[in-house]
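Chemist: with the input below, show me the fold.
(one chain, ligands or ions: 1)
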Amino acid sequence: MSDSKPSLPHILGGPKAVTIDGTEANRWPIITEEDQAAVLEVLRDGDLSLHPVTRQLEDDYRNYFDVRHAIAHCNGTAALLAAFFALDLQPGDEVLVPSATFWASVVPMLWVGAIPVFCESETQRMGLDPDDAEAKITPQTRAMVVVHLWGMPSRMSALLDIARRHNLKVIEDASHAHGATWRGRKCGTLGDISVFSLQGSKLAPAGEGGILLTDDDTYMQRVASLGDITRILELPSPEQRFAATSFGIKTRMAPLSAAVARVQFRHMPERNRRRNENLRYLSTALEGMGFNTCLSPPHVERVYFEYMIRYDDERGNPPIEALMEALRAEGCDAQWPRYPLVHQQPIFTEGCFAKIAGIAGRSNSTLPAYTENALPKTEAANRQFLKLPAFPSAEPDLLDQYIAAFKKVLAHADEISAAWCRST
Ligand SMILES: Cc1ncc(COP(=O)(O)O)c(C=O)c1O
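Modeler: Sure thing, here's the model as predicted:
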């Protein structure tokens, strides 16, 4: 990087900082001949429903995470439904959840009659805020869902302590956190049940798929009874008596997806390393410019499902919208975070949740009231994030161009702010 004064930003008429095409640097998933061969093997074998590759994938997960049970699902959403079902939650039981997550961390619980209680996300790691979660515990609270958002492990010491003191079960939604560790323990082994999505953008993708992990035999049996219509046949009686119907759904994973998932999972550690290296390099530069890049504290090894950086609104110059526009003009692939807050969605604010959860007949005073402005801290924090590519295969020259783009834009913050104010 040169130390000379940055040239004029492109938005003010200067040259673009990012001239390297980032398509290959950001291509994800990385599909090689190994994936193709694995898929072809299943196709040639010809059993597209019950090919042993799905069980082999489960073995891979069991061995890697050193857990008793790994159960493949058709997607992470189905695995989360199975997790809620496994806990034997009763209608009206409450579950503490974050709102800053993908909806599947929360909404499937409605189908077993459980009621989400939305809690603030703490602003350091954007996981469930232990203080707010504890304040929202009632005699009906049975469980909490912990999400390691974007690959950053949540504040597990405090959350596990709350769970222990209040006798709550912990569902760990580790969908973003393949390969992350907390105090030397792998994310995905920290809760009573954990779930990974293997959807196509995840760190060990299958296309569509999900894995549920648990050490608990009873949970495993309930998970199988819900919809794993192969495994249900292998359960000891009396659970096996449901084999002819399951509980009305079918959650088995497609072997073609499992074939891809095995290859991707095998490469996950080395591909995570590359992302981490690239994003630590970029983060060091951006931290030096005043951004909070959500670096791991020393006892945590985060991974990067997505790369979010935080821009302090208070700083106000340029406003975040102007910053975004100026970065995009430089050629940066900068985006807004893509998850809308779950508690603000019409399924909750318009009351549809009550019908799904089977509590629509309750008097209004006993129905949970979901209001859009219920989580001011989460809302404020959520507005401060910008998403940049996760650079899974980038070389330093592209990262340097992004750094140059940020430098340029910040060096001309006043002019950019003024131009943005005039245009709005
Ligand atoms: C945090 C989180 N949980 C759950 C899911 C649901 O997984 P799937 O898309 O595989 O159903 C996702 C996925 O996309 C997710 O990001």
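Chemist: give me the phi and psi for residue 307.
Modeler: Taking degrees, to the nearest 10, you get phi -110, psi 110 for the backbone angles of residue 307.
Chemist: wait, doesn't it sit right on residue 387?
Modeler: Yes: taking contacts as C-beta atoms under 8 Å, residue 307 lies within contact range of residue 387: 6.7 Å. Bear in mind the C-beta positions are built from the backbone N, C-alpha and C, glycine included.
Chemist: closest to the centroid, which residue in the chain?
Modeler: Geometric centre of the chain, nearest residue: residue 176, 3.7 Å, by C-alpha atoms, centre = their mean.
Chemist: check contacts around the closest residue to the ligand within the stretch 51-200 of the chain.
Modeler: Residue nearest to the ligand within the stretch 51-200 of the chain: residue 76 (2.5 Å; C-beta to the nearest ligand atom). Neighbouring residues of residue 76 by C-beta atoms under 8 Å, 6 or more residues apart in numbering: 104, 173, 175, 195, 196, 197, 198, 199, 209, 210.
Chemist: quick one, phi psi at the nearest residue to residue 216 once chain neighbours are set aside?
Modeler: Among residues not flanking residue 216 along the chain, residue 192 sits closest, at 6.6 Å (C-beta to C-beta, 6 or more residues apart in numbering). Note on residue 192: backbone dihedrals following degrees, to the nearest 10 are phi -70, psi -40.
Chemist: pretty sure residue 192 is touching residue 164, no?
Modeler: No: Residue 192 lies out of contact with residue 164 (C-beta under 8 Å); the separation is 11.4 Å.
Chemist: these two - which one has more neighbours?
Modeler: residue 192 (18 against 10; other C-beta atoms under 10 Å).
Chemist: how about the more buried one, what does it touch?
Modeler: Per C-beta under 8 Å, 6+ apart, neighbours of residue 192: 87, 169, 170, 171, 214, 216, 219.
Chemist: most neighbours, which of those?
Modeler: Going by other C-beta under 10 Å, residue 171 tops the contacts of residue 192 with 27 neighbours.
Chemist: which SSE is immediately downstream of whichever helix or strand that one is part of?
Modeler: Secondary structure assignment for residue 171, by DSSP states H and E: strand 169-173. Moving toward the C-terminus from strand 169-173, the next helix or strand (DSSP H and E) is strand 181-182.
Chemist: neighbours of residue 181, how many?
Modeler: 19.
Chemist: do you know how far the spatially closest residue to it that is not a sequence neighbour is from residue 295?
Modeler: Closest residue in space to residue 181, ignoring its immediate chain neighbours: residue 301 at 4.5 Å, by C-beta to C-beta, 6+ apart. For residue 301, the distance to residue 295 equals 11 Å [C-beta to C-beta, to the nearest Å].
Chemist: now residue 422
Modeler: 36 Å.
Chemist: which of the two has more neighbours?
Modeler: For residue 422 and residue 295, the more surrounded residue by other C-beta under 10 Å is residue 295, and the numbers stand at 13 against 7.
Chemist: please identify the helix or strand for the closest residue to the more buried one other than its chain neighbours.
Modeler: Leaving out its chain neighbours, the residue that sits closest to residue 295 by C-beta to C-beta, 6+ apart is residue 283, at 5.9 Å. Element membership for residue 283 (DSSP H and E) is helix 255-288.
Chemist: since that was my last question, I'll sign off now.
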